[in-house]
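1. Need coordinates for the following:
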Amino acid sequence: MPQPSPVVPVSQIDLEHLERIEEQALDDVRKIRRHERRSTWLQVALTEGWGEGRTVGTGYIRNLSLGGCRSFVPVAPEVGETYVLSIQSKSGDQALRARCLRCTLVSEGVFDSGWEFQEALTIDLPAEE
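-> Predicted structure coming up:
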């Protein structure tokens with residue numbers, strides 16, 4: 001029978017080491033991205049399935065690229081599932097299918113989600129904000 005891992009007291013955690021690991025992970029993610037990300041705040045609505053489902057929540061896109069985006073929404077999208085993201089921007093609106101790659105609860109009722117677009121983004125990328 002496997003033994004549980006010992007609990008490490010908070011006072012013994014090397015925070016600088018954890019910060020280095022976190023920064024390295026972010027660098028690794030940046031290396032595999034195919035498109036430049038632009039910081040922005042755009043409204044977005046999530047619809048289940050291939051667009052025939054119900055709207056499960058509205059929120060904001062925090063950054064956007066030709067290949068995907070990062071959003072903050074009030075519901076937890078299921079990782080690996082495809083949704084329709086309806087994006088509202090100054091250059092026009094677009095609804096497109098996107099697969100949820102990750103989702104993290106950042107505070108009560110706010111989920112940080114990473115998305116990969118399954119079709120081409122046709123709205124103009126916003127200028128850096």
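2. From here on, just use CA atoms for contacts and neighbour counts.
-> OK.
3. Which residues does stretch 87-104 contact?
-> 42-45, 50-51, 68, 76-86, 111-124 (Cα atoms under 8 Å, 6 or more residues apart in numbering).
4. Buried ones only from those residues, please, as a ChimeraX command.
-> Buried members of these, defined by 16 or more other Cα atoms under 10 Å, are picked up in ChimeraX with:
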select :42,43,44,45,51,68,76,77,82,83,84,85,86,111,112,113,114,115,116,117,121
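5. Among the contacts of stretch 87-104, name the ones in helices.
-> Counting by DSSP state H, no part of the contacts of stretch 87-104 is found in helices.
6. How about residue 37: what's its closest non-neighbour residue?
-> Closest residue to residue 37 apart from its sequence neighbours, by Cα to Cα, 6 or more residues apart in numbering: residue 65 at 4.6 Å.
7. Got phi/psi on the one you found?
-> phi -140, psi 180 (degrees, to the nearest 10).
8. my read: it touches residue 39, true?
-> No - the criterion here is Cα atoms under 8 Å, and residue 65 misses it with residue 39 at 9.1 Å.
9. circling back: burial of the residue nearest to residue 37, as a residue count?
-> Residue 65 is flanked by 20 other residues according to other Cα atoms under 10 Å.
10. So, low pLDDT: which residues of the protein?
-> Applying pLDDT under 70 to the chain flags the ranges 1-36, 50-51, 125-129.
11. Appreciated, that's everything.
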